[in-house]
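Chemist: Return a 3D structure for these sequence lines:
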Amino acid sequence: MNGDLRAWRPCLLAGAVFAVCMAGTTLPTPLYGLYQEKFDFSELTVTVVYAVYAVGVIGVLLLAGNASDAVGRRPVLLWGLGFAAASAVCFLSANALGWLYLGRLMSGLSAGLFTGAASAYVMELAPRGGSSRATFVATAANMGGLGCGPLLAGVLSQYADWPLYLPFAVHLTLVAVSALVLVQLPETVRERRPLSTVRPQKPELPPRVRPVFAPAAVASFVGFALFGVFTSVSPSFLSQSLDVHNRAVSGLIVALAFFASTAGQSLVGKVGVSRSLPLGCVALLGGLALLAAALYWDLLPLVVLSALVGGAGQGMSFRGSMAAVAEAAGAERRAAVISALFVVAYTGISVPVIGVGLLVGPIGLEGAGLVFIGCMALLVTGASVYLLRRPVPTPETSAAR
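Modeler: Numbering: from 1, shown residues only. Got it, this is the predicted structure:
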């Protein structure tokens, strides 16, 4: 047992670093109401501030999503931690709305550098024969870290002093510790090339990846779109419609969606990659239906259930997507292909959210949410039918053929 833990130690430490970085990206979620009071901006501005993060992620993934394949995992991840620290400093310095935009952009740059590189790094640090468990560590670190952000900020801002400062000071400390951990871990890219060899990536995929990538991308888009709405506008819905003003409770409800995602990921090993994608889409559809009911009847228990069911569905589809595209890509293109998957996912986490923000003015928060749910339900239904008719090929089915 001790020997097994020792073998997994580098992988788990890399996963912890991954989680710390991702926690910073959702840290402001329960604080947007306080920022609205401080800087007097609208619900549309909240969604735009949130979406600036996705712009940073997508920009990095397209311009340098394959950088760690060339220069190594650790240098890219250290830069990512640097941008995470810069984001925390921006929020600590925020005395005008512009600081929030800049902080979210820095956070997006950090996540963009981490998503593909850290996922590949965690998998590569795993002991031989542990690829399936390593995929779970990578996706759980991603989603678990995203869940810890609003929970940490909600508790600190509700029950401690300096609600707009203490969460970011704590995260800055965690980033510094993560940097110390990272420099002690081994590099996994053996044949490194100069940074000058890194070129912007076109949205192209190796032919062997394309049959796997299309359904995986659809499932990822819908799952991240649901999370985008939860993390950007659910605190406002909780306070305005359900009279829930406790930021710790608000942060916990958002965190539940991400933690449920981690639980959903753990089921993939039991049901298989090819089944996890359509089953995940069905669960996403259930989460959307519960969220629609919560918006229509203003019921807090339904909000919680929608977070749990939708989060579990996102987790199943997301881990299945990651495993399928990583296996199809091969080691030499793994980080680049994973980065391409995240481009689609973060488009889902940004564009629909801005659409909701634009609709809040004319039809209200509940109406905007219902329009969003209707659009996502159509998309996820189509994806489910497609996946049931054309299951994602797995290494086992490919070998059989």
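Chemist: Name the residues of the host helix or strand of residue 229 that are buried.
Modeler: When elements are defined using DSSP states H and E, residue 229 is found to belong to helix 210-240. Neighbour counts using 16 or more other CB atoms under 10 Å place 211-213, 215-238, 240 of helix 210-240 among the buried residues. C-betas here are computed from N, CA, C, even on glycine.
Chemist: Equivalent analysis for stretch 98-108, please.
Modeler: Within stretch 98-108, judged by 16+ other CB under 10 Å, the buried ones are 99, 100, 101, 102, 103, 104, 105, 106, 107, 108.
Chemist: export stretch 254-261 as PDB, just CAs?
Modeler: As requested, the backbone C-alpha atoms of stretch 254-261 are provided in PDB (Å, rounded to 0.1, in the frame of the first residue of the first chain):
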ATOM      1  CA  VAL A 254     -22.400  26.300  -6.900                       C
ATOM      2  CA  ALA A 255     -19.700  24.000  -5.500                       C
ATOM      3  CA  LEU A 256     -22.100  21.100  -5.400                       C
ATOM      4  CA  ALA A 257     -22.400  21.100  -9.200                       C
ATOM      5  CA  PHE A 258     -18.600  20.700  -9.500                       C
ATOM      6  CA  PHE A 259     -18.400  18.100  -6.700                       C
ATOM      7  CA  ALA A 260     -21.200  16.200  -8.400                       C
ATOM      8  CA  SER A 261     -19.200  16.300 -11.600                       C
END
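Chemist: mind listing the helices for the stretch 201-350 of the chain?
Modeler: Along the stretch 201-350 of the chain, counting by DSSP state H, counting those that start in this stretch, helices occupy 210-240, 247-266, 268-271, 273-297, 300-329, 334-348.
Chemist: Residue 140 is nearest to which of these?
Modeler: In this view, these are compared for proximity to residue 140 by CB to CB, and helix 247-266 is the closest at 4.7 Å.
Chemist: now for the closest one, which elements pack on it?
Modeler: If you count contacts as 3 or more CB pairs under 8 Å, 6 or more residues apart in numbering; DSSP states H and E, helix 247-266 packs onto helix 131-159, helix 210-240, helix 300-329.
Chemist: export those to CSV and tack on distance to residue 112 and mean pLDDT?
Modeler: Formatted as CSV, the helices and strands packed on helix 247-266 follow (distance: least, CB to CB, whole Å; pLDDT from 0 to 100):
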stretch, distance to residue 112, mean pLDDT
helix 131-159, 13, 92
helix 210-240, 14, 85
helix 300-329, 17, 89
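Chemist: Any idea which of the ones you listed gets closest to residue 251?
Modeler: Between residue 251 and those, the shortest separation by CB to CB is 2.2 Å, and it involves helix 131-159.
Chemist: Give me the distance from that closest one to the chain's centre.
Modeler: On the basis of CA atoms, centre = their mean, to the nearest Å, the separation between the geometric centre of helix 131-159 and that of its chain is 9 Å.
Chemist: What count of nearby residues applies to residue 244?
Modeler: Summarising burial for residue 244: neighbours were counted as other CB atoms under 10 Å, giving 17.
Chemist: Tell me which residues touch the nearest residue to residue 235 once chain neighbours are set aside, please.
Modeler: Nearest in space to residue 235, with sequence neighbours left out and distances taken as CB to CB, 6 or more residues apart in numbering, is residue 250 at 4.6 Å. Listed by CB atoms under 8 Å, 6 or more residues apart in numbering, the contact partners of residue 250 are 30, 150, 154, 234, 235, 238, 239, 244.
Chemist: Distance to residue 20 for the helices and strands packed on helix 247-266 - can I get that in TSV?
Modeler: Below are the helices and strands packed on helix 247-266 laid out as TSV (distance: least, CB to CB, whole Å):
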stretch	distance to residue 20
helix 131-159	7
helix 210-240	18
helix 300-329	20
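Chemist: and of these, who's closest to residue 182?
Modeler: Of all the helices and strands packed on helix 247-266, the one in closest proximity to residue 182, counting by CB to CB, is helix 131-159 (13.4 Å).
Chemist: Could you measure from residue 31 over to residue 251?
Modeler: Here residue 31 is placed at a distance of 9 Å from residue 251 (CB to CB, to the nearest Å).
Chemist: do the same with residue 28
Modeler: As defined by CB to CB, residue 28 lies at a distance of 11 Å from residue 251.
Chemist: out of the helices of the stretch 201-350 of the chain, which comes closest to residue 369?
Modeler: Between residue 369 and those, the shortest gap by CB to CB is with helix 273-297, which sits at 4.7 Å.
Chemist: Let me know the angle separating the closest one from helix 247-266.
Modeler: Here helix 273-297 points in a direction 150 degrees away from that of helix 247-266 (axes from the mean of the first three to the mean of the last three CA atoms, to 10 degrees).
Chemist: Surely residue 375 and residue 352 touch.
Modeler: Yes: assessed by CB atoms under 8 Å, residue 375 is found in contact with residue 352 at 7.3 Å.
Chemist: Looking at those two, which has the bigger crowd around it?
Modeler: Comparing residue 375 with residue 352 by other CB under 10 Å, the one with more neighbours is residue 352, at 25 against 15.
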